[in-house]
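Chemist: Return a 3D structure for these sequence lines:
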Amino acid sequence: MKFTIQNTDINSKARAGIIEASHGKIETPVFMPVGTQGTVKAVHQRELKNQINAEIILGNTYHLYLRPGVDIIEKAGGIHKFINWSGNILTDSGGYQVYSLASNRKITNDGVKFKNHIDGSTHLFTPEKVIDIQRSIGADIIMAFDECPPYPCDYDYAKNSMNLTHKWLDRCIKRFNSTEKKYEYEQYLFPIAQGSTYKDLRIQSAEYISKTNSFGNAIGGLSVGEPAEEMYAMTELVCEIFPIDKPRYLMGVGNPINLLENIALGVDMFDCVMPTRNARNGMLFTSRGVINIKNNKWKDDFSAIDKDDITYVDKQYSKAYLRHLFSVNEILGKQIASIHNLGFYSWLISESRKHIIDGDFLNWKKKMVKVLNKRL
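Modeler: I've put the predicted structure just below:
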């Protein structure tokens, strides 16, 4: 993996770069569509490539381990062949499920025992097993196993959680270095900084994982209910410590305004289910503000969903038609809305990159934040 910074905005810490990974280049900043179970919900791989211009997507280690299972993925020749995706793929470690499935798991120093949410069977995830699973899945970028603490949590919990994450990271690195790749391309391991919203813990964690000299570094444990100001403060703190020459990945953050603010702080990579999840519920992001397409006001609006001069806009479908599809609960409505939102995110990130290179990102960002706060 190679990471090249092409330009840094003169008035912020935003940077434009290129990651060269096993399945092609990734222009940064980048938003990665989430394909939890080997599919970005309601979106065809063809559309991801040709309409959304995705260069990397995500998969979820926990869910792919349960279904279809690593044996099926290995027989297919790896996740890329199984889902017919020629671009890059990143898999999370299952650490988020430590947080989201709190009622169905037990954490020990050895790992996490999960109760399968599908059939109730029990599974133990250790750092070593997580690396083995991700080796079998075959993603280009794989994440170290971590604990994502809830918000709020007290200082002692956050500290113990961070220390456990560091111990697990050491074991992940040892396992990764002692095992061979299963397919014809390289995989790259990213560690994850934790520490909740405690400044001293975030500093300690960022310093700890920076010393591992990994290919990239991630910030976890944010976008879990904390105020946006806390998120920005922790991100800024960590980005000041992370190596300049490594890509920085802020996990699970995807509100468009949050994207722009964190790009300004020096983050390169993002992922979130928000664009597709919100789309399935009728919320559309546009360059003029946010639309609830279910509202009656769009009933006889035959204009395109966004401005005609915006390159990502699919002009085949009007607001009135899309509202109709939602009103009769047609699956096509969710599909069109999902493609639209991911297209908007791709456009927003692309515009961010352009303005970073042009040197006027901060002024453009301030204008866009005001627009993105509007409800149309």
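Chemist: alpha carbons only for contacts and neighbour counts from here, please
Modeler: OK.
Chemist: Give me the contacts around the helix or strand residue 4 falls within.
Modeler: Residue 4 belongs to strand 2-8 when elements are defined using DSSP states H and E. The contact list for strand 2-8, computed with C-alpha atoms under 8 Å, 6 or more residues apart in numbering, reads 14-21, 245-247, 356-357, 359.
Chemist: which strands and helices sit next to the longest helix along the chain?
Modeler: As assigned by DSSP state H, the longest helix anywhere in the chain is helix 331-358. Under the contact definition 3 or more C-alpha pairs under 8 Å, 6 or more residues apart in numbering; DSSP states H and E, helix 331-358 sits against strand 2-8, strand 15-21, strand 30-33, helix 274-280, strand 283-286, helix 319-327, helix 361-372.
Chemist: Hey, what's the angle from the strand or helix carrying residue 25 to strand 15-21? Just curious.
Modeler: Using DSSP H and E, residue 25 sits in strand 24-28. Angle between the axes of strand 24-28 and strand 15-21 is 160 degrees (criterion: axes from the mean of the first three to the mean of the last three C-alpha atoms, to 10 degrees).
Chemist: Pull out the buried positions in strand 24-28.
Modeler: Going by neighbour count (16 or more other C-alpha atoms under 10 Å), the buried part of strand 24-28 is 25, 26, 27, 28.
Chemist: Next, the angle from it to helix 331-358.
Modeler: Using the same axes, to 10 degrees: strand 24-28 against helix 331-358 is 70 degrees.
Chemist: I'd like the distance from strand 24-28 to the chain centre, please.
Modeler: Distance of strand 24-28 from the chain centroid (C-alpha atoms, centre = their mean, to the nearest Å) equals 15 Å.
Chemist: can you check stretch 282-300 too?
Modeler: Distance of stretch 282-300 from its chain centroid, counting by C-alpha atoms, centre = their mean, is 25 Å.
Chemist: what do you get for stretch 55-64?
Modeler: The answer for stretch 55-64 is 10 Å, by C-alpha atoms, centre = their mean.
Chemist: So for stretch 64-80, first residue to last residue, what's the gap.
Modeler: Terminal residues of stretch 64-80 are spaced 13 Å apart (C-alpha to C-alpha, to the nearest Å).
Chemist: mean confidence score for the strand holding residue 4?
Modeler: Per-residue pLDDT over strand 2-8 has a mean of 98.
Chemist: Render the CA-only coordinates of it in CSV, please.
Modeler: Only the C-alpha atoms of strand 2-8 are listed here, as CSV (Å, rounded to 0.1, in the frame of the first residue of the first chain):
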residue,chain,number,x,y,z
LYS,A,2,1.2,3.5,-0.9
PHE,A,3,-0.3,6.8,0.3
THR,A,4,0.5,10.0,-1.4
ILE,A,5,-0.7,13.4,-0.2
GLN,A,6,-1.2,15.6,-3.3
ASN,A,7,-2.2,18.8,-1.5
THR,A,8,-3.2,20.2,1.9
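Chemist: Next, the buried residues of it.
Modeler: 3, 5, 8.
Chemist: Equivalent analysis for stretch 105-124, please.
Modeler: 105, 107, 111, 112, 113, 114, 115, 116, 124.
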